[in-house]
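> Got a predicted model here, sequence first, then my questions.
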Amino acid sequence: MRKPIIAGNWKMYKTFEEAIQFVEAVQDKLPSNDNVDAVICAPALFLPTLVQIASESELAIGAQTMHYENEGAFTGEISPAQLASVAVDYVILGHSERREYYNETDEAINKKVAAALSHNIVPIICCGETLQEREAGTTEQKVAGQITAALAGFAAQDVEHMVLAYEPIWAIGTGKTATAEDANQVCGAIRAVVEKLYDTATAQAVRIQYGGSVKPDNIEELLSKEHIDGALVGGASLQAESYLKLLEAAANA
Ligand SMILES: O=C[C@H](O)COP(=O)(O)O
């Protein structure tokens, strides 16, 4: 049985003060991490402070992206070594917004996954199709290609500690959620890709999140599906109350 993982992706929202208030508000109310892993991926600027505040709780802090080099002349970037030096536990890689606005490629994502693992940072690797791709019937082909590229060169024991996230691009921030059946079907297809690349045990161990307009009122149904092991959540992770509701639902799934 895979433990659910709920990761909030705050994107470019919240001031420093609001971020601190959020972590202080949730940290004593988290369900046990025997039942759910709780993660907040915050703007990079806030990471050291949030890690420090959350250190006594079961809330894990993650970044939203990073470079694959440990250091160098890359103005504005943040390195895996820098994230590790402030004890960040997770990093989102290959989010569709990074792919679209910052030209992040499958090749760069693969290098970032290797860099994250080398610093014991858990990568949350995103994949997902556009509306046109869904309508053209190429969803599974698209996500299989993205996942295969991201995992190139890794051993099974690396993969079982990664988190994969299926986010249909047309469902992000739009209020349009994929039906639980559709989301489960694509998450199942991703698991089948992992099985084909590795073996059944690895495919059964890896956790696959769904993301795209996940809210307290749809999380239960999504998590009731066989292949959905959690959620990568934007909007509904910004308020302490709704984030806690998502965690409760996952802890009781
Ligand atoms: O990383 C999170 C996703 O982009 C989903 O965002 P959303 O929950 O606001 O649709």
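Noted; the coordinates are in hand.
> What's the biggest helix in this protein, counting residues?
helix 180-197 (DSSP state H).
> Now do the contacts for the residue lying closest to Ser57 once chain neighbours are set aside.
If you skip the residues right next to it in sequence, Ser57 has Gln27 as its closest partner in space, 3.7 Å away by CB to CB, 6 or more residues apart in numbering. Yep, even glycine has a C-beta here, placed from its N, CA and C like the rest. Taking CB atoms under 8 Å, 6 or more residues apart in numbering, we find Gln27 in contact with Ile53, Ala54, Glu56, Ser57, Leu59.
> Swap in 10 Å and give it another go.
Gln27 makes contact with Ala38, Ile53, Ala54, Ser55, Glu56, Ser57, Glu58, Leu59, Ala240 under the criterion CB atoms under 10 Å, 6 or more residues apart in numbering.
> again, but for Glu104
Neighbouring residues of Glu104 by CB under 10 Å, 6+ apart: Thr65, Leu93, Gly94, His95, Ser96, Glu97, Arg98, Lys112, Cys126.
> And Leu238, by the same measure?
Gly8, Asn9, Trp10, Lys11, Tyr13, Lys14, Glu18, Phe22.
> Apply the buried test to those residues and list what passes.
Gly8, Asn9, Trp10, Lys11, Lys14, Phe22 (16 or more other CB atoms under 10 Å).
> Hmm, Met12 is touching Gln64, no?
Yes: contact status for Met12 versus Gln64: in contact at 8.8 Å, counting by CB atoms under 10 Å.
> who's more crowded, those two?
A direct count of neighbours by other CB atoms under 10 Å for Met12 and Gln64 places Gln64 higher, at 22 against 7.
> Now do the contacts for the more buried one.
9-12, 41-44, 47, 78, 90-93, 95, 97-98, 124.
> By mean pLDDT, flag the weakest helix or strand of this protein.
helix 131-135 (a mean of 93; mean pLDDT, DSSP states H and E).
> Give me the helices and strands touching that helix, please.
Under the contact criterion of 3 or more CB pairs under 10 Å, 6 or more residues apart in numbering; DSSP states H and E, helix 131-135 touches helix 139-151.
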